[in-house]
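Visitor: Have a look; sequence and predicted model below, questions after that.
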Amino acid sequence: RLMPSTLGKQWWEGFPCFSGRFPAKRTPEATEEAIEEVERQLLLFAKTVLLPFAIRTRALVLGGEGCSLTTAFLKVSEPLQKHLRSECPFRVLLIASAYNFH
């Protein structure tokens, strides 16, 4: 099942004030169970594909606020980043709006 990684679950949880403002941006045909399944699949994809690729290529991983794929990658890479600290073979750069960090 395809779901948008932006304007997906993480975006709506991060910006709950927008729920009434952008009702057409929701995925109306998606049930809560389908959304949870997509989140599990994103975590699995980040763990089995993206993380090993980032390690192998010493990547600069770019992500955006509220992106479900970015959130999945951050969740699976956090333990490794905490353990390796400055020796971590990849870096993460998140693009966000400054007004969200007050």
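Guide: Sure thing, it's come through. Residues are numbered from 1 along each chain as shown.

Visitor: from here on, contacts and neighbour counts on C-alpha atoms
Guide: Fine.

Visitor: I'd like to know how many residues surround residue 90.
Guide: Residues within reach of residue 90, counting by other C-alpha atoms under 10 Å, total 18.

Visitor: what does residue 76 give?
Guide: Quick note: residue 76 (other C-alpha under 10 Å) scores 18 neighbours.

Visitor: Okay, it and residue 89: tell me how far apart.
Guide: 15 Å (C-alpha to C-alpha, to the nearest Å).

Visitor: Then residue 95?
Guide: For residue 95, the distance to residue 89 - C-alpha to C-alpha - is 20 Å.

Visitor: which stretches of the chain form strands?
Guide: For the chain, the strands defined by DSSP state E cover 60-64, 91-95.

Visitor: Including mean neighbour count, mean pLDDT and distance to residue 31, could these go into a markdown table?
Guide: Converted to a markdown table, those look like this (neighbours: other C-alpha atoms under 10 Å; pLDDT from 0 to 100; distance: least, C-alpha to C-alpha, whole Å):
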| stretch | mean neighbour count | mean pLDDT | distance to residue 31 |
| --- | --- | --- | --- |
| strand 60-64 | 15 | 93 | 25 |
| strand 91-95 | 12 | 93 | 29 |
